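A.B. asks: need the 3D shape of this:
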Amino acid sequence: MSTDGRFDDALAVSDRLELFGTLVGALLVLIGLGTVAGMPWQTNGSTAVSVLQLLGVLATIAAGTGLVWLVRQ
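C.D. replies: Okay, the predicted model is just below:
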């Protein structure tokens, strides 16, 4: 039985995309955590803006976590 290497190439591309997705997801989580650690709500006086900022940060963390989960499945 001969193999022409097509499946090996497809597997290599899949592995690279898995690594890329994991790294991007982890970066999103780290950016979200860094934003929370920086306490952005202290730089403005509006409670509504602070709540929106916090929701955006939580959405960023959720997107990163979801991406890592999706890639690892």
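A.B. asks: which helix in the chain has the most residues?
C.D. replies: When the chain is parsed with DSSP state H, its longest helix is helix 6-37.
A.B. asks: which helices and strands does that one pack with?
C.D. replies: helix 47-72 (3 or more C-beta pairs under 8 Å, 6 or more residues apart in numbering; DSSP states H and E). C-beta: built from backbone N, CA, C; applies to glycine.
A.B. asks: for residue 28, give its distance to residue 68.
C.D. replies: Taking C-beta to C-beta, to the nearest Å as the measure, residue 28 and residue 68 are separated by 9 Å.
A.B. asks: how about residue 35?
C.D. replies: 18 Å.
A.B. asks: again, but for residue 31
C.D. replies: Taken as C-beta to C-beta, the span from residue 31 to residue 68 is 13 Å.
A.B. asks: among those two, which residue is more densely surrounded?
C.D. replies: Neighbour count, other C-beta atoms under 10 Å: between residue 31 and residue 68, residue 68 has more, with 18 against 14.
A.B. asks: so the more buried one touches residue 30, yeah?
C.D. replies: No: look at residue 68 against residue 30 with C-beta atoms under 8 Å: they stay out of range, at 11.5 Å.
A.B. asks: let me know how buried the residue lying closest to residue 67 once chain neighbours are set aside is, in neighbour terms.
C.D. replies: Excluding its sequence neighbours, the residue lying closest to residue 67 (C-beta to C-beta, 6 or more residues apart in numbering) is residue 25, at 3.6 Å. With neighbours defined by other C-beta under 10 Å, the count for residue 25 comes to 20.
A.B. asks: thinking residue 25 is in contact with residue 62, fair?
C.D. replies: No: using C-beta under 8 Å, residue 25 is not in contact with residue 62, being 10.6 Å away.
A.B. asks: and the pLDDT for residue 13?
C.D. replies: On pLDDT, residue 13 comes in at 59.
A.B. asks: now swap in the one 3 residues further on and tell me
C.D. replies: Per-residue confidence at residue 16 stands at 77 (pLDDT).
A.B. asks: list the contacts of residue 30.
C.D. replies: Going by C-beta atoms under 8 Å, 6 or more residues apart in numbering, residue 30 touches residue 64.
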